[in-house]
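Q: Coordinates for the following, if possible.
(2 chains)
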2 protein chains.
Amino acid sequence: MTQDTQHRASLTPLMELVAADMERINELILSYARSHVDTVEELARHLIDSGGKRIRPMVTLAAAALFDYDGELHIPLATSVEFLHTATLLHDDVVDESDMRRGRKTARLIWGNQATVLVGDYLLAQTFRMIVRTELKPALRLMSDTAAILAEGEVWQLTTQHDVSTSLEDYMRVIEAKTAALFAAAAELGAIVAERPQAERAALNAYGHALGMAFQLVDDALDYAGETGSLGKAVGDDFREGKITMPVVLALQRAAADRTFLIAALEGGEADDAAFARALEIMQRHDAITDTIAEARKFGQRAREALAVFAESAARAALSEAVDFCIQRVS
Amino acid sequence: MTQDTQHRASLTPLMELVAADMERINELILSYARSHVDTVEELARHLIDSGGKRIRPMVTLAAAALFDYDGELHIPLATSVEFLHTATLLHDDVVDESDMRRGRKTARLIWGNQATVLVGDYLLAQTFRMIVRTELKPALRLMSDTAAILAEGEVWQLTTQHDVSTSLEDYMRVIEAKTAALFAAAAELGAIVAERPQAERAALNAYGHALGMAFQLVDDALDYAGETGSLGKAVGDDFREGKITMPVVLALQRAAADRTFLIAALEGGEADDAAFARALEIMQRHDAITDTIAEARKFGQRAREALAVFAESAARAALSEAVDFCIQRVS
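A: As a prediction, the model looks like this:
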């Protein structure tokens, strides 16, 4: 279980493990995106067709595979995780006024903010319809709790925007709510569907939580350290929007002379390309991005450790390698 | 069961019937509006404090009272109906760019569209959390289906906006989805919680559906025939927003010489006070508002008829009078 930092991790083991199930999930996604209202279906499909890696439902499937689960209910549960995530993305794009998502125009640019908000509501309702049909009470509880936590996390993030007094602890709690909670639920659903004891549910929840934290930390680092093409969105978006992420919090703590410049830019002043370049240089000088990635590695380590209670298997290995893959996106 | 059109109907019998339960509902509403994120709680409370008549949860309670239901689960179910409605209102205000709601500034004017969208998501998730805790599968099914229908109806309404080719049938299907479905669910929940047979569930669903249709038709008539103060929003809003409601559809069908003016105004041209006054005069000349109210009365009749399968009781009388009250708002 030690991490081989030289090894280039890949999502392939995870993808191969769940390939057959993912086809069924893709079908179910399309069937729940249907609507007799044309705009609903077109808009939902635009986002769904633009893909994404679908890591969250893969985590649910692999977690169920840990227990050799051979029923049918992991399919709608994994799909519901992706649906909840998708609904969130639609509203995120409206809130962030984003123009690009996964390298394509956002739905709100094509259909407008109004329809995008309402189709997000439709997808949220479809998420619950899907879970209700499984009749699994613990899944319903977990996913309805998670949906509430997610929404709270999004509002919280909004209130920290442009607020340079945001602490590292605040930031951590925001990403816990807006990202880690859904990864945690995705993993825990694997134990729920296989009707495993509480300790195993907790272990998978801890795995998903740590994976989600690592994932978001890396995302936030990539917004400074990445390349525009690979992210599907523009590097520097967070900076221009005054989002207070870990690289920003660290830079604010450590930059003495440059603090005034950073505060002015983040509070809503000048945040053009030149300002971004200067901010980037300040962050690099103070190891703000490197230390964010180091924090992601710590969570990655925790995620792998949480899997230790399970017997060795292809599923466990795939879940473990997925952690490394998420972190190596940035290194 | 004949309608006494001279009699001034009142909500008082319904309100008195459910008064004790409504206090518990108000407490539960406040407890589910809580959040450790200040903005979430402040925004949710702003809308909740501004009240409204809370007709939908009262319908659920009175429907349960038809069967002398003496359990506890009608409280969270009725609350979930109001919560779903409230979540919808938040997103409606963003979509319609409304400034006033129930005589107060809308949440989006105070906290902005972004937070309002996200708090709407929070309330939607809280709705499901509440129903999940009742562990009533038919309630979960009904309410998750209803939430999806509602969202579809809202998108549909959006696509008919400014579209003067919208037919009366289209309009009816839109209000069925965006309004009647939730009233139908509110009433049916009374039979679900009391574990009554399918026929009684269907009768209450039909009651709620017809009540909801009447309610929306009257609302749409009031937007032309009402007074600004009594509506809590400005008369003429629908016209200015190019909403294609029944008075509009009828006027477009019947106005020969004035059709060009109406089309231009509704398609997004001039819709100022003078244009509204002219549109109103055209509608009155062609009985467009009167006939909308007549249609509401027909649905009112159906709602009362649907109650005929139940034995006479204070609950039945209160539900029946509530229909008249909803219609008499306009006459």
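Q: Can you name the residues of the stretch 51-200 of chain A sitting close to chain B?
A: A:88, A:91, A:94-95, A:113-115, A:117-122, A:124-126, A:128-129, A:132-133, A:135, A:137, A:140-141, A:144-145, A:147-148, A:150-152, A:154-156, A:158-159 (C-beta under 8 Å from any C-beta of the partner chain). Backbone N, C-alpha and C define where each C-beta goes, glycine included.
Q: and the residues you listed, which are buried?
A: Buried members of those, scored by 16 or more other C-beta atoms under 10 Å in any protein chain shown, are A:88, A:91, A:94-95, A:113-115, A:117-122, A:124-126, A:128-129, A:132, A:140-141, A:144-145, A:147-148, A:150-152, A:154-156, A:158-159.
Q: Tell me which of those fall in helices.
A: Among those, the members falling in helices (DSSP state H) are A:88, A:91, A:94-95, A:113-115, A:117-122, A:124-126, A:128-129, A:132, A:140-141, A:144-145, A:147-148, A:150-152, A:154-156, A:158-159.
Q: right, and the secondary structure at the spatially most distant residue from the centre of chain A would be what?
A: Ranked by distance from the centre of chain A (C-alpha atoms, centre = their mean), the top residue is A:Ala257, with 34.5 Å. Look at A:Ala257: counting by DSSP: H, G, I helix; E, B strand; the rest coil, its state is coil.
Q: gap between it and A:His286?
A: 11 Å (C-beta to C-beta, to the nearest Å).
Q: What of A:Thr166?
A: In this view, A:Thr166 and A:His286 are 17 Å apart by C-beta to C-beta.
Q: So for the two, which sits in the more crowded spot?
A: A:Thr166 (22 against 19; other C-beta atoms under 10 Å in any protein chain shown).
Q: Tell me if I'm right that A:Phe261 and A:Glu281 touch.
A: No - A:Phe261 lies out of contact with A:Glu281 (C-beta atoms under 8 Å); the separation is 10.8 Å.
Q: Give me the more crowded residue out of the two.
A: Higher neighbour count among A:Phe261 and A:Glu281: A:Phe261, with 16 against 11, using other C-beta under 10 Å.
Q: Next secondary structure element downstream of the one helix or strand that one maps to?
A: Per DSSP states H and E: A:Phe261 is located in helix A:259-266. Following helix A:259-266 in sequence order, the next helix or strand is helix A:273-285 (DSSP H and E).
Q: Show me the contact partners of that next one.
A: With C-beta atoms under 8 Å, 6 or more residues apart in numbering or on different chains as the test, helix A:273-285 has contacts from A:224, A:236, A:239-240, A:247-248, A:250-251, A:255, A:258, A:261-262, A:265, A:288-289.
Q: again with stretch A:55-64
A: Against stretch A:55-64 from outside (C-beta under 8 Å, 6+ apart): A:11, A:14-15, A:17-18, A:21-22, A:25, A:74, A:77-79, A:81-82, A:85, A:182-183, A:186-191, A:193-194, A:204, A:207-208, A:211, A:215, A:315, A:318-319, A:322, A:326.
Q: How far away from the center of its chain is it?
A: Taking C-alpha atoms, centre = their mean, to the nearest Å, one finds the center of stretch A:55-64 at 13 Å from the center of the full chain.
Q: Then stretch A:204-220?
A: Using C-alpha atoms, centre = their mean, the offset of stretch A:204-220 from its chain centre is 8 Å.
Q: now swap in stretch A:135-143 and tell me
A: Centroid displacement of stretch A:135-143 relative to its chain, using C-alpha atoms, centre = their mean, is 21 Å.
Q: I'd like to know how many residues surround the residue nearest to A:His7 when sequence neighbours are not counted.
A: Excluding its sequence neighbours, the residue lying closest to A:His7 (C-beta to C-beta, 6 or more residues apart in numbering or on different chains) is A:Asp324, at 7.4 Å. The number of residues packed near A:Asp324 is 22, by other C-beta under 10 Å.
Q: Report the separation between A:Asp324 and A:Leu14.
A: For A:Asp324 relative to A:Leu14 (C-beta to C-beta), the value is 11 Å.
Q: just A:Leu150 next, same as before
A: Taken as C-beta to C-beta, the span from A:Leu150 to A:Leu14 is 23 Å.
Q: A:Asp291 now?
A: When distance is defined by C-beta to C-beta, A:Asp291 is 28 Å away from A:Leu14.
Q: ok, now A:Arg254?
A: Relative to A:Leu14, and taking C-beta to C-beta, A:Arg254 is found at 37 Å.
Q: Equivalent analysis for A:Leu66, please.
A: Distance, A:Leu66 to A:Leu14, using C-beta to C-beta: 12 Å.
Q: same thing with A:Met22?
A: 10 Å.
Q: can I assume A:Leu61 sits in a helix?
A: Yes - the assignment for A:Leu61 by three-state DSSP puts it in a helix.
Q: Show the residue spans covered by the strands in chain A.
A: A:100-101, A:104-105 (DSSP state E).
Q: For the last one, name the packing helices and strands.
A: Just to be clear, that refers to strand A:104-105. Under the contact criterion of 3 or more C-beta pairs under 8 Å, 6 or more residues apart in numbering or on different chains; DSSP states H and E, strand A:104-105 touches no helix or strand at all.
Q: Which residues outside it are in contact with it?
A: Strand A:104-105 is contacted from outside by A:His46, A:Ser50, A:Asp99, using C-beta under 8 Å, 6+ apart.
Q: one more time with 6 Å, if that's ok
A: The contact list for strand A:104-105, computed with C-beta atoms under 6 Å, 6 or more residues apart in numbering or on different chains, reads A:Ser50.
Q: Tell me the strands beside it, with direction?
A: Taking DSSP bridges as the criterion, strand A:104-105 forms sheet pairs with strand A:100-101 (antiparallel).
Q: Give me the mean pLDDT for the strand it pairs with.
A: For strand A:100-101, the mean per-residue pLDDT is 86.
Q: Tell me how far it lies from the chain's centre.
A: Chain-centre distance of strand A:100-101: 15 Å, with C-alpha atoms, centre = their mean.
Q: Likewise for stretch A:192-201?
A: With C-alpha atoms, centre = their mean as the basis, the mean position of stretch A:192-201 lies at 23 Å from the chain mean.
Q: Repeat that for stretch A:242-258.
A: Offset of stretch A:242-258 from its chain centre (C-alpha atoms, centre = their mean): 23 Å.
Q: same thing with stretch A:54-63?
A: Relative to the centre of its chain, stretch A:54-63 is centred 12 Å away, using C-alpha atoms, centre = their mean.
Q: Then stretch A:323-331?
A: Averaging C-alpha positions (C-alpha atoms, centre = their mean) puts stretch A:323-331 13 Å from its chain's average.
Q: Likewise for stretch A:305-322?
A: 20 Å.
Q: Please apply the same query to stretch A:284-291.
A: With C-alpha atoms, centre = their mean, you get 23 Å for stretch A:284-291.
Q: which parts of it are buried?
A: A:His286, A:Ala288, A:Ile289, A:Thr290, A:Asp291.
Q: CA atoms of it as PDB?
A: Extracted as PDB, the C-alpha positions of stretch A:284-291 are listed here (Å, rounded to 0.1, in the frame of the first residue of the first chain):
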ATOM      1  CA  GLN A 284       5.400  30.100  -6.600                       C
ATOM      2  CA  ARG A 285       7.900  32.100  -4.600                       C
ATOM      3  CA  HIS A 286       6.000  31.200  -1.400                       C
ATOM      4  CA  ASP A 287       5.400  27.600  -2.200                       C
ATOM      5  CA  ALA A 288       1.600  28.100  -2.100                       C
ATOM      6  CA  ILE A 289       0.900  25.800  -5.000                       C
ATOM      7  CA  THR A 290       3.400  23.100  -4.000                       C
ATOM      8  CA  ASP A 291       2.100  23.000  -0.500                       C
END
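Q: What backbone torsions are found at the residue farthest from the centre of chain A?
A: phi -70, psi -30 (degrees, to the nearest 10).
Q: mind showing which ranges of chain A have poor pLDDT?
A: A:1-6, A:227-234, A:331 (pLDDT under 70).
Q: please redo it, this time with the cut-off set to 80
A: Applying pLDDT under 80 to chain A flags residues A:1-7, A:51, A:226-234, A:269-270, A:331.
Q: Thanks a lot, catch you later.
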